[in-house]
Every structure is written in C-alpha cells, then in structure tokens.
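K.L.:
Make a model of this:
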Amino acid sequence: MYTLDTPIWQLTVADFIDLHRQIMANEVRPPANSYTEKKYVYGLSGLATLLQCSKKTASTIKSSGKIDAAVIQEGRKIIIDSEKVLELLKRKA
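P.N.:
Numbering: from 1, shown residues only. From the prediction side, this is the model:
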C-alpha cells in the first residue's frame, strides 16, 4: 500500500489506478489553509463581487472610510485585502 508521501515511482499500476480514482472522486484533498498567502481583490468590481453587492454600493462602502485599513490605492488602481475587509465590516456592523 502507499501513503501520500510515497514517491510515484514506487507505486504499482494497481496503486496508481486506485490513487487516480480517489483523486477523481475528490477523496484525496490537500489540507485546508495549507498556505498563508494573502488574497486580494482588485477594483470596485472585485469588492462588489466579494461583498455580493452592486458596484455603486461597493463604492459607497469604500468612500465611507470603514475599510480604509484594507485598501491600497495608487491613482486609479485599487487593491483590497479581502480577509481584512470582511474582518473590518464584521467589527463595524
């Protein structure tokens, strides 16, 4: 038998087929939050998608100052830390 640490060259054909079936059936999943990479959304349309609202409402929320700590803006380019926005809105609500 094999584990997830077994090199692929050590698998038998039957092991490989079994592993492939498990992957296709979504039985083998990577650990949740296995990386700590930040997630960003870009622009008002990204914020609107994140908050599931219209672009007008996203613009109003951004202009209100409630999420200023999560917004980086240089000219017209807007970068928003999605996790921080959700955290700030939970606190302010």
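
K.L.:
Please spell out the segments of the protein that come in under the pLDDT threshold.
P.N.:
Under the criterion pLDDT under 70, the flagged ranges of the chain are 27-37, 92-93.

K.L.:
quick one: the helices in the chain?
P.N.:
In chain order, the chain shows helices spanning 13-24, 43-51, 55-64, 82-92, with DSSP state H as the criterion.

K.L.:
how much space between residue 43 and residue 62?
P.N.:
Residue 43 sits 10 Å away from residue 62, taking Cβ to Cβ, to the nearest Å as the criterion. (C-beta placed from N, C-alpha, C; glycine too.)

K.L.:
what's the residue closest to the geometric middle of the chain?
P.N.:
Compute the mean C-alpha point of the chain, and by Cα atoms, centre = their mean the closest residue is residue 39, 5.5 Å away.

K.L.:
for that residue, what are its contacts?
P.N.:
Contacts for residue 39 (Cβ atoms under 8 Å, 6 or more residues apart in numbering) come out as 81, 82, 83.

K.L.:
List buried residues within the residues you listed.
P.N.:
81, 82 (16 or more other Cβ atoms under 10 Å).
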